[in-house]
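> Build me a model:
(one chain, ligands or ions: 2)
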Amino acid sequence: MGAPVLTAAAMRAAEQAAIASGVPEYDLMERAGATAAEIVWRAGGSRDTLVLCGPGNNGGDGFVIARILRAKGVPVRVAALGESGTASSLRARARWDGPVEALHQAKPAAQLVDALFGTGLTRGLADAVAASLERLVGRANHSYAVDLPSGVETDSGRLLSPVPRFGVCIALGALKPAHLLYPAADRFERLVSVDIGIAPSSPLHSLAPPHLDAPASDAHKYSRGLVAVIGGGMAGAGLLASRAAARSGAGAVRRIVPDADGRGPDAIITSAAMKVADVAKALEDKRLSAVLAGPGLGRDDGAWERLEAVLESEHRLVLDADALTLLADKGPDQLPAGAILTPHEGEFARLFGDVPGSKIDKALAAAQRSRCVLVYKGADTVIAAPDGKAAVASRGSFWLSTAGTGDVLAGLAAGRFAVTGDPFRAACEAVWLHGEAARQAGAAFIADDLIERLPAAIARRL
Ligand SMILES: NC(=O)C1=CN([C@@H]2O[C@H](COP(=O)(O)OP(=O)(O)OC[C@H]3O[C@@H](n4cnc5c(N)ncnc54)[C@H](O)[C@@H]3O)[C@@H](O)[C@H]2O)[C@@H](O)CC1
Ligand SMILES: [K+]
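Ligands and ions are numbered 1, 2, ... in the order given. So this is what the prediction gives:
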């Protein structure tokens with residue numbers, strides 16, 4: 001499992017639990033401030049520093065940071081936005097014995113620490129405040145956002161007002177959704193998460209690198225998982241998916257397509273299934289461990305009939321692309337429980353409509369409604385299970401925004417589903433391997449290049 005991700009409310013509850021167990025609230029602020037100050041100090045030594053402090057506990061952290069840096073000999077100035085309004089922030093401010101400037105009059109410094117707002121932000125910053133922040137961050141050579149960049153909404157990652165781009169974001173106590181969800185996750189270059197002595201637990205996690213197994217000594221191609229990919233009019237998409245499934249660690253891949261076109265690696269068996277009855281017959285094979293439908297399936301009546309045969313087959317299913325669009329048209333109530341669904345934003349909206357909340361909330365609601373594992377794709381991909389657990393993959397390669405990468409992911413998900421039999425685990429493994437293959441591929445790659453890198457990505461996690 002990755003690092004726990006806590007919403008603002010969950011973070012407050014974790015903080016309350018720590019306080020109830022005997023840790024004074026102010027101690028948490030001192031720890032948070034001291035740890036953040038240490039990070040700034042190690043990176044920057046005695047650079048000229050400006051700390052911006054807001055009215056809440058985020059501002060309190062700022063006063064602690066300023067005091068500790070100054071005690072180390074760093075030239076520190078503090079600029080505050082109004083008076084401190086919480087008991088702990090008042091205490092932290094009282095312990096700062098330097099002057100406090102007004103934010104709008106503050107002069108820039110080489111190093112900027114933003115402690116204006118954190119998880120308590122409820123609305124966008126006033127225009128003048130957002131402008132000051134933008135000006136001061138823009139003029140600094142090094143900038144740090146304490147807990148969150150001021151102006152982002154903790155639970156959704158939305159920008160409530162314009163937010164400049166920081167060098168480092170120091171997440172206090174636990175990650176929040178805004179550290180992983182875009183656009184907020186793009187408002188800093190580097191993310192550092194620090195322990196402040198509370199033990200957060202959450203059904204939400206950042207996506208962790210998987211632990212994969214090499215085949216056992218008695219393994220054979222069927223025990224390792226036989227994957228069927230149901231093709232249609234567009235052979236290329238189905239081929240990409242089939243080739244990804246073949247390099248996913250599964251034992252064998254079979255393409256079931258209208259015409260046996262002889263394309264693809266020799267290791268992939270291509271069977272011609274002209275009629276729907278032929279598809280149904282091919283799906284009677286009890287050795288099948290997972291079936292993928294969608295990439296290149298088509299959207300005509302013939303495609304729907306082929307998909308119906310898949311839905312009736314009772315195999316482990318991965319549904320992507322055209323399969324999702326067809327289901328959205330013909331009735332989302334036919335989504336088969338226990339499947340993996342891999343929609344992008346458009347497909348998600350077609351299938352589930354306008355679901356309220358953050359991307360995580362949306363994915364969880366859709367998973368619960370469909371009783372499927374959702375892989376809600378994008379620069380931030382959310383994997384959600386019907387039981388309420390979710391993993392968020394973020395900060396991956398933006399070069400993945402190219403044709404065919406979704407087909408590769410779908411094939412990989414089908415392959416991992418065939419290997420593991422567990423849809424949530426398979427989806428997490430597939431998303432991680434896909435991201436790792438992209439990291440290894442570097443820049444300007446095409447979807448085919450990802451497939452070549454899957455064996456190396458798998459080898460890293462054995
Ligand atoms: N939860 C925890 O365990 C800990 C939290 N700490 C810090 O406390 C922060 C949360 O503190 P708070 O809950 O006090 O919240 P914030 O300090 O983020 O800000 C809340 C204050 O700003 C006001 N406010 C909200 N939006 C505003 C806007 N657009 N313009 C003007 N005022 C606005 C609110 O009414 C409230 O007074 C965290 O981000 C973190 O930095 C740490 O001190 C230590 C431990
Ligand atoms: K902040």
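> Which residue ranges of the stretch 1-150 of the chain form strands?
49-53, 76-80, 100-102, 111-115, 142-146 (DSSP state E, counting those that start in this stretch).
> Throw those into a markdown table and include distance to ligand 1 and mean neighbour count, thanks.
Yep, even glycine has a C-beta here, placed from its N, CA and C like the rest. Below are these laid out as a markdown table (distance: least, CB to the nearest ligand atom, whole Å; neighbours: other CB atoms under 10 Å):
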| stretch | distance to ligand 1 | mean neighbour count |
| --- | --- | --- |
| strand 49-53 | 9 | 28 |
| strand 76-80 | 12 | 23 |
| strand 100-102 | 15 | 14 |
| strand 111-115 | 7 | 29 |
| strand 142-146 | 6 | 27 |
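> Would you tell me which of those strands gets closest to residue 186?
strand 142-146 (12.5 Å; CB to CB).
> quick one: strands adjacent to that closest one?
With DSSP bridges as the test, strand 142-146 is paired with strand 111-115 (parallel), strand 166-172 (parallel).
> Would you mind listing the outside residues contacting stretch 115-127?
Taking contacts as CB atoms under 8 Å, 6 or more residues apart in numbering, the residues outside stretch 115-127 that touch it are 8, 11-12, 51-54, 56-63, 65, 81, 103, 129-130, 133, 146-148, 150-154, 160-161, 172, 176.
> ah, wrong one, I meant stretch 409-416
Residues lying outside stretch 409-416 but in contact with it, judged by CB under 8 Å, 6+ apart, are 225, 227, 229, 240-250, 253, 290-292, 294-295, 318, 320-321, 340, 342, 375, 377, 425-427, 429-431, 433-434, 454.
> Please narrow those to those residing in strands.
With strands taken from DSSP state E, the overlap with the contacts of stretch 409-416 comprises 227, 229, 253, 290, 291, 292, 318, 340, 375.
> so what's the nearest residue to residue 415 once chain neighbours are set aside up against?
Spatial nearest neighbour of residue 415, excluding adjacent residues (CB to CB, 6 or more residues apart in numbering): residue 248 at 2.5 Å. By CB under 8 Å, 6+ apart, the contact list for residue 248 reads 227, 411, 412, 414, 415, 416, 418, 419, 430, 433, 454, 458.
> repeat that with 10 Å
225, 227, 290, 408, 411-419, 426, 429-430, 433, 451, 454-455, 458 (CB atoms under 10 Å, 6 or more residues apart in numbering).
> now do residue 162
124, 125, 127, 130, 131, 133, 134, 151, 187.
> Drop anything exposed from the residues you listed.
Buried residues within those, defined by neighbour count using 16 or more other CB atoms under 10 Å: 124, 125, 130, 133, 134, 151, 187.
> May I see the contacts of residue 162 arranged in JSON lines, with distance to residue 271 as well?
As requested, the contacts of residue 162 are exported to JSON lines (distance: CB to CB, whole Å):
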{"residue": "124", "distance to residue 271": "57"}
{"residue": "125", "distance to residue 271": "60"}
{"residue": "127", "distance to residue 271": "63"}
{"residue": "130", "distance to residue 271": "60"}
{"residue": "131", "distance to residue 271": "64"}
{"residue": "133", "distance to residue 271": "61"}
{"residue": "134", "distance to residue 271": "60"}
{"residue": "151", "distance to residue 271": "55"}
{"residue": "187", "distance to residue 271": "50"}
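> Please tabulate the strands paired with strand 142-146 in a markdown table, including the columns distance to residue 213 and mean pLDDT.
What follows is the strands paired with strand 142-146, written out as a markdown table (distance: least, CB to CB, whole Å; pLDDT from 0 to 100):
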| stretch | distance to residue 213 | mean pLDDT |
| --- | --- | --- |
| strand 111-115 | 44 | 98 |
| strand 166-172 | 32 | 98 |
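> for residue 443, phi and psi?
Per-residue torsions, residue 443: phi -120, psi 150 (degrees, to the nearest 10).
> residues near it, how many?
Using other CB atoms under 10 Å, residue 443 has 8 other residues around it.
> Ignoring the adjacent residues along the chain, who's closest to it?
residue 399 (5.8 Å).
> same thing with residue 6?
That would be residue 174: by CB to CB, 6+ apart, it lies 4.5 Å from residue 6.
> ok, now residue 308?
In space, and not counting its chain neighbours, residue 308 is closest to residue 276: 7.7 Å by CB to CB, 6+ apart.
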